[in-house]
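Undergrad: structure, please.
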Amino acid sequence: MNQIICTDYEQLSETVAAKIADWINKNPGSLLCLAAGDTPLSAYAKLVKLQDMGAVDLSSVYYVGLDEWVGLGMNDKGSCKQVMFDNFYGPANIPEAHIRVFDGLVNPEDACKNVSEWIDRHGGIGLTLLGVGLNGHVGFNEPGAQSLTEKGCSPVPLDNTTLKVSNKYFDRQQAVSQGITVCLPTLKAAKKMILMLSGNKKKA
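TA: Now for the predicted structure:
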């Protein structure tokens, strides 16, 4: 494990963007699994700038969603799909044929099957960028969930801590209680994992 401590969020975002761009340049055609939280948004903006400068072709790889709130879709502000399409896939002009994300509006088991098949089709995840929740989760791999030990993708009951902080993402009250996520063993099997942490609340 290589730990890099940055002086501020700006430097952290630049470092992460550079590492992802380097991976893409060396591994065209690979599958990337990117988190949709607040922490990586600046890194995504910097990746788009790198593409604008000709330093990377973000369409040379494929993408899979990390997680989603069950019951939310593209038209819900704060859904993982909305966040990623508005902040990365759209600005980067990624072809929709290169993207597979969870559909929070269908049966969770069907959504999991769809994403699991996409991951398998691409030979597993090449690179994953993850953040860490206040309760220590990555994706919606909540403490004690079965997704911590099984492969593929899984619906997960949301932890109380996640439920308490969930409203910061939404523009209106959302009655979320369940998530769907790429399971931890599948994430850990990625060829390269970047864990991005920022803020005093996550210092410990």
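
Undergrad: contacts only, for the residue lying closest to residue 37 once chain neighbours are set aside.
TA: Counting by C-beta to C-beta, 6 or more residues apart in numbering, residue 37 lies nearest to residue 131, which is 4.4 Å off, once chain neighbours are set aside. Where C-beta positions appear, they are placed from N, C-alpha and C, glycine not excepted. Residues near residue 131 by C-beta atoms under 8 Å, 6 or more residues apart in numbering: 35, 37-40, 138, 195-197.

Undergrad: equivalent analysis for residue 13, please.
TA: 40, 42-43, 45-46.

Undergrad: buried ones in the helix or strand hosting it?
TA: Element membership for residue 13, per DSSP states H and E: helix 9-26. Residues of helix 9-26 classed as buried under the neighbour-count rule (16 or more other C-beta atoms under 10 Å) are 12-21, 23-24.

Undergrad: would you point out the most distant pair within those?
TA: 12 and 24 (18.9 Å; C-beta to C-beta).

Undergrad: so which helix or strand of the protein has the lowest pLDDT on average?
TA: When the helices and strands of the chain are scored by mean pLDDT, DSSP states H and E, helix 160-166 comes last with a mean of 75.

Undergrad: who touches it?
TA: 69, 133-135, 137, 140, 142, 158, 174, 176-177, 179.

Undergrad: could I get the pLDDT score of residue 201?
TA: On the pLDDT scale, residue 201 is placed at 56.

Undergrad: before we move on, what about the one 3 residues further on?
TA: The predicted local confidence for residue 204 comes out at a pLDDT of 48.

Undergrad: check residue 181 too.
TA: 96.

Undergrad: could you say what helices and strands the helix or strand containing it packs with?
TA: Using DSSP H and E, the element containing residue 181 is strand 178-182. Applying 3 or more C-beta pairs under 8 Å, 6 or more residues apart in numbering; DSSP states H and E, one finds that strand 178-182 contacts strand 67-69, helix 108-121, strand 153-157.

Undergrad: helix or strand right after the second one?
TA: Which is helix 108-121. strand 127-130.

Undergrad: can you list the neighbours in contact with that following strand?
TA: When contacts are defined by C-beta under 8 Å, 6+ apart, strand 127-130 is touched by residues 16, 20, 23, 27, 30, 32-35, 40, 43, 66, 138-139, 187, 190-196.

Undergrad: quick one on the thing from earlier: now the strand holding residue 181 against helix 108-121, angle please.
TA: 10 degrees (axes from the mean of the first three to the mean of the last three C-alpha atoms, to 10 degrees).

Undergrad: much appreciated, bye for now.
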